[in-house]
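*Asks:* sequence? don't have it. structure:
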């Protein structure tokens, strides 16, 4: 398509008559052949664009159909099912771990309470005597 456009431009340039005017500018007169070549190049570019558009659309539809086919396949269903099972296993394991941790924390809490009670009773039963001596100088 690129080569076609370049060829059309070259053909149009060769088919045109260029004259220099008295004030230093150039005047381009196109011939019927140049006009025909430009119109033909325009039509060819439009056809190529339309073909590219339709091929791209077809390719997109094929890709979508393939993706839908993979999505509906047994392998995809098995992967989806396996992912759900794995998630349920993780939830169950996390629940068991939390429950176990809760039991251990409860046990540590009871031990701390018992330890605090025994320290309190030993402090109440033990008394200390302090003797202070003062000297005069």
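*Replies:* Perfect, thanks for sending it. Worth saying up front: this structure is predicted, and the values here are computed from it rather than measured.
*Asks:* ok, the residue sitting nearest the centre point of the chain to residue 60 distance?
*Replies:* Centrality entry for the chain: nearest residue to the mean C-alpha point is residue 67, 18.2 Å, by CA atoms, centre = their mean. Counting by CB to CB, to the nearest Å, the gap from residue 67 to residue 60 is 11 Å. Bear in mind the C-beta positions are built from the backbone N, C-alpha and C, glycine included.
*Asks:* then residue 83?
*Replies:* 29 Å.
*Asks:* can you give me the helices for the protein?
*Replies:* Here the chain has its helices, by DSSP state H, at 2-15, 32-71, 74-125.
*Asks:* residue 26 is nearest to which of the ones you listed?
*Replies:* When the helices of the chain are compared by CB to CB, helix 2-15 sits nearest residue 26, at 12.5 Å.
*Asks:* and that closest one, average pLDDT?
*Replies:* Summarised as a single mean, pLDDT over helix 2-15 is 67.
*Asks:* for this structure, which spans come out with low pLDDT?
*Replies:* 1, 4-5, 8-9, 11-18, 28-31, 33-34, 119-137 (pLDDT under 70).
*Asks:* hmm, try it at 90
*Replies:* Low-confidence segments of the chain (pLDDT under 90): 1-52, 54, 60, 62-137.
*Asks:* in the sheet, who's paired with the closest residue to residue 21 other than its chain neighbours?
*Replies:* Among residues not flanking residue 21 along the chain, residue 27 sits closest, at 5.4 Å (CB to CB, 6 or more residues apart in numbering). With DSSP bridges as the criterion, residue 27 is bridged to residue 19.
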